[in-house]
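Visitor: please work out how this folds:
(2 chains)
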Protein chains: 2
Amino acid sequence: MPAGRGVTVALDGFGAERGFDVLAEGARLAAAEGVLLRVFGSPEELGLDGVEGIEVIPTTEWIANEEDPLPAIRSRAEASIVRAVRDVANGAADAVVSAGSTGATMAAATFGLRRLQGVKRPALAAQLPVPGKPVLFLDVGANSEVRAQHLVQFAFLGSAFSQAVLGVERPRVGLLSVGEEPGKGTEEVIAAHALLKNAPGLQFIGNVEGSDLPSGGVDVVVTDGFTGNVSLKLMEGTARAVTTAIRGAARSNPVAGLGGLLMRPALGGLRRELHPDTTGGAILLGLRAVAVVGHGSAGAEGIANAVRLAARCAEVGAVGRTETLLRESGANRGSLASERGA
Amino acid sequence: MPAGRGVTVALDGFGAERGFDVLAEGARLAAAEGVLLRVFGSPEELGLDGVEGIEVIPTTEWIANEEDPLPAIRSRAEASIVRAVRDVANGAADAVVSAGSTGATMAAATFGLRRLQGVKRPALAAQLPVPGKPVLFLDVGANSEVRAQHLVQFAFLGSAFSQAVLGVERPRVGLLSVGEEPGKGTEEVIAAHALLKNAPGLQFIGNVEGSDLPSGGVDVVVTDGFTGNVSLKLMEGTARAVTTAIRGAARSNPVAGLGGLLMRPALGGLRRELHPDTTGGAILLGLRAVAVVGHGSAGAEGIANAVRLAARCAEVGAVGRTETLLRESGANRGSLASERGA
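Guide: The predicted structure follows:
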């Protein structure tokens, strides 16, 4: 993915589990490709003085993972993530990135940036780390409980992002359920299916099942934030468990060990595809700017990918294109049946 | 898992996707270990005449996967799955097994067998195909929407099964959610957490996340049938996608191919552990007899494992032991707070 040259990204200078050096190295990698960075953190810890394209705005407060996000962002106007979001709201930066608390980033962005017209609930999207073409999956945690009309909006948000940022011309959108038939699933899923079937401007392919997520036959999959969060973590955990077990098998005896050595180069691509760092992190959609939450455990390449992703969103005008799609489909004016009853 | 010698299993003689020969071979394998089988199917197609321990009861009607289960089982008293369930209700067999429609099997069993005292909703449980010690996971599809008190009952059903059939002395029970904190999740999950924390006779370890399912730190994981169904299929799909990608890597060049050959013996155990056939299928819990639904695509070993699992349930008195646990904990008399409000 080409980084956004000349685009400015506000980066939270705290929260990366692997420390300031890793965060700083990620910032350096992205800046070297032409992304401009405004980092809200400690100049001493980051050691980014004089790096071209990077400005460190001295910041001492930050919000930890364990803190309750809402009270934290409301009471601490000088916390790094709150300042980074304000930077975007003020127009000094085009997108915001954090490798810290997902909850605090969502809360800060939702309160600090305006929602797109007609969007009731921003959604957190992730690119699933599966072999082959990644699937955009949302909501992965912003809304534990959703109504049918929210699922419909997630479909529009995901489709627009897939088109604008991931370059999928006509994204195939699926609704996650427990069977292909339109009548399968919870009440809200069944209602969402009926609305999506008639939604203009979407290529809705119907219900998809859990087994379809890693299969690549769909570009965007929509679900509630509870199921989405469980699924994303389950998928990452399963991929990790299987690859760990394979490594274990390779160590079980010398012959298998030699086999593992011989396979290693061929497996490198797969390892990269399955690694959470590769996709850059989760993207909060539905606001007037994009917020990207990197994996807390991201390495420098993961941080850089999160910044690249945010920069690319700004560069291609992801927000404006999403707004256009929502407007053209009528989804922003309450003209979808779902919206009337909302 | 030792098969139940001298126990009688009623087997649906239709519905196995890989045909009558595979179904018959599976029956033969289980019968050879001493399980008695009553198979409701076509004597000609099955070709099981004269096999010791197997009686084929000529049956011509059956319910297909595409059919709507409820009307089908209600209107077709002579369909194979309905007859197999009736066999158990009549006392001629101790448990029922089908490799056909999951919906039809659940519907036939729920209507044909009585529920355990105090159980409001039977649940479908599956042993997750993960490397290492399998996790019992329920509900994987019987109830798309559940209340908190149903989740509590699933915890008791799963814990009793894990103890009685899987031999786990003090099963650790987790509640699937989107974070460890008791306040994370949907309203019903949060309420269930509070009830489970105080439930007597359970070793409740709190919320578990999607990433914990393949990690082996928990014996029983409880969730609603929507999330459970999506998760189970996702996990199977991800394991399949990763192993397929590894096979692809092994074929990408001769060196990697040689590596793959050398690793093959060491990987055999993992392949077996990940294969859906290994666990025998999903188990319907909460009724006065156990019903096992094998994978539709099961091979002969998968069919045999489903029969062995059902026989073992009957042999160890899984239903009686579940009833005892429910009684001792008070979960069957409405003495759990959850039950009063139900």
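
Visitor: please make it C-alpha for all contacts and neighbour counts, starting now.
Guide: Fine.

Visitor: strands along the stretch 201-342 of chain A, start to end?
Guide: Assigned strands in the stretch 201-342 of chain A, in chain order: A:203-208, A:220-222, A:282-285, A:291-293 (criterion: DSSP state E, counting those that start in this stretch).

Visitor: of all the ones you listed, which one comes closest to chain B?
Guide: Among the strands of the stretch 201-342 of chain A, strand A:203-208 comes nearest to chain B, with 9.6 Å by CA to the nearest CA.

Visitor: in its sheet, what does that closest one sit against?
Guide: strand A:172-176 (parallel) (DSSP bridges).

Visitor: send the alpha carbons of the partner strand over as PDB?
Guide: Extracted C-alpha coordinates of strand A:172-176, given in PDB (Å, rounded to 0.1, in the frame of the first residue of the first chain):
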ATOM      1  CA  ARG A 172     -19.100  -7.800  -2.400                       C
ATOM      2  CA  VAL A 173     -20.800  -7.200   0.900                       C
ATOM      3  CA  GLY A 174     -22.000 -10.100   3.100                       C
ATOM      4  CA  LEU A 175     -24.000 -10.200   6.300                       C
ATOM      5  CA  LEU A 176     -22.600 -12.600   9.000                       C
END
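
Visitor: and the residue of chain A closest to chain B?
Guide: For chain A, CA to the nearest CA, closest residue to chain B: A:Gly259, 3.5 Å.

Visitor: can you pull up the most central residue in chain A?
Guide: A:Ala282 (1.9 Å; CA atoms, centre = their mean).

Visitor: ok, now which ones touch the residue of chain A closest to chain B?
Guide: By CA atoms under 8 Å, 6 or more residues apart in numbering or on different chains, the residues touching A:Gly259 are A:Ala250, B:Ala256, B:Leu258, B:Gly259, B:Gly260, B:Leu261, B:Leu262, B:Met263.

Visitor: just give me the neighbour total for the nearest residue to A:Ala191 once chain neighbours are set aside.
Guide: Among residues not flanking A:Ala191 along the chain, A:Ala148 sits closest, at 5.8 Å (CA to CA, 6 or more residues apart in numbering or on different chains). Neighbour count for A:Ala148, taken as other CA atoms under 10 Å in any protein chain shown: 22.

Visitor: quick one: pLDDT of A:Ala148?
Guide: Per-residue pLDDT puts A:Ala148 at 96.

Visitor: pretty sure it is touching A:Leu196, no?
Guide: No: with contact defined as CA atoms under 8 Å, A:Ala148 does not reach A:Leu196; the gap is 9.5 Å.

Visitor: secondary structure element holding A:Gly118?
Guide: Here A:Gly118 sits in a region with no helix or strand, counting by DSSP states H and E.

Visitor: list phi and psi for it.
Guide: The phi/psi pair for A:Gly118 (degrees, to the nearest 10) reads phi 90, psi -10.

Visitor: any idea how far it is from A:Thr322?
Guide: 11 Å (CA to CA, to the nearest Å).

Visitor: neighbour count: the two, which is higher?
Guide: Per other CA under 10 Å, whichever of A:Gly118 and A:Thr322 has more neighbours is A:Thr322, with 25 against 17.

Visitor: I'd say that one and A:Leu157 touch.
Guide: Yes: counting by CA under 8 Å, A:Thr322 does reach A:Leu157; the two are 6.5 Å apart.

Visitor: what's the closest of the strands of the stretch 201-342 of chain A to B:Leu267?
Guide: strand A:203-208 (30.8 Å; CA to CA).

Visitor: quick one: contacts of that closest one?
Guide: For strand A:203-208, using CA under 8 Å, 6+ apart, the contacting residues are A:170-182, A:193, A:196-197, A:221.

Visitor: whichever of the residues you listed end up buried, select them in ChimeraX.
Guide: In ChimeraX syntax, the buried subset of these is picked out as below (16 or more other CA atoms under 10 Å in any protein chain shown):
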select /A:171,172,173,174,175,176,177,178,182,193,196,221
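
Visitor: okay if I get the strands of the stretch 201-342 of chain A as TSV plus mean pLDDT?
Guide: What follows is the strands of the stretch 201-342 of chain A, written out as TSV (pLDDT from 0 to 100):
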stretch	mean pLDDT
strand A:203-208	96
strand A:220-222	97
strand A:282-285	94
strand A:291-293	94
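
Visitor: export these to JSON lines and tack on distance to B:Val135?
Guide: JSON lines is the format used below for those (distance: least, CA to CA, whole Å):
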{"stretch": "strand A:203-208", "distance to B:Val135": "25"}
{"stretch": "strand A:220-222", "distance to B:Val135": "27"}
{"stretch": "strand A:282-285", "distance to B:Val135": "29"}
{"stretch": "strand A:291-293", "distance to B:Val135": "31"}
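
Visitor: care to break chain A down by domain?
Guide: Following automatic domain parsing, chain A resolves into domains at A:1-118+A:286-316, A:120-277.

Visitor: nearest to B:Ser144, of those?
Guide: Closest among those, using CA to CA: domain A:120-277, at 5.7 Å.

Visitor: starting at the chain centroid, how far to the closest one?
Guide: 12 Å (CA atoms, centre = their mean, to the nearest Å).

Visitor: again with stretch A:282-296
Guide: Computed by CA atoms, centre = their mean, the chain-centroid distance of stretch A:282-296 equals 5 Å.

Visitor: any regions of the stretch 1-150 of chain A where pLDDT drops low?
Guide: A:1-5, A:130-132 (pLDDT under 70).

Visitor: show me the contacts for A:Pro171.
Guide: A:Ser159, A:Ser162, A:Gln163, A:Leu202, A:Gln203, A:Val218, A:Asp219, A:Val220.

Visitor: and the lengthiest helix in chain A with helix B:225-250, angle?
Guide: For chain A, the helix with the greatest residue count under DSSP state H is helix A:225-250. Here the directions of helix A:225-250 and helix B:225-250 differ by 40 degrees (axes from the mean of the first three to the mean of the last three CA atoms, to 10 degrees).

Visitor: output the contacting helices and strands for helix A:225-250.
Guide: Applying 3 or more CA pairs under 8 Å, 6 or more residues apart in numbering or on different chains; DSSP states H and E, one finds that helix A:225-250 contacts strand A:136-138, helix A:254-274, helix B:225-250, helix B:254-274.

Visitor: and those, which is most packed in?
Guide: strand A:136-138 (a mean of 29; mean count of other CA atoms under 10 Å in any protein chain shown).

Visitor: packing partners of that one?
Guide: Using 3+ CA pairs under 8 Å, 6+ apart: strand A:136-138 touches strand A:123-127, helix A:148-164, strand A:220-222, helix A:225-250.

Visitor: turn those into a markdown table, including distance to B:Ser80.
Guide: Shown next, in a markdown table, are the helices and strands packed on strand A:136-138 (distance: least, CA to CA, whole Å):
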| stretch | distance to B:Ser80 |
| --- | --- |
| strand A:123-127 | 44 |
| helix A:148-164 | 39 |
| strand A:220-222 | 38 |
| helix A:225-250 | 35 |
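
Visitor: worst mean pLDDT among the ones you listed?
Guide: helix A:225-250 (a mean of 85).

Visitor: please read off the pLDDT at A:Ala337 from the model.
Guide: On the pLDDT scale, A:Ala337 gets 38.

Visitor: can you classify A:Val96 by secondary structure?
Guide: At A:Val96 the chain is in strand, as set by DSSP: H, G, I helix; E, B strand; the rest coil.

Visitor: that one reaches A:Val85, doesn't it?
Guide: Yes: between A:Val96 and A:Val85 there is a contact under CA under 8 Å: 6.2 Å.

Visitor: which one's more surrounded, those two?
Guide: A:Val96 (31 against 28).

Visitor: any idea how far A:Ala164 is from that one?
Guide: 18 Å.

Visitor: now do A:Thr324
Guide: 11 Å.

Visitor: so between those two, which is more surrounded?
Guide: A:Ala164 (21 against 14).

Visitor: now do the contacts for the more buried one.
Guide: A:Cys313, A:Val316, A:Gly317, A:Ala318, A:Arg321, A:Thr322.
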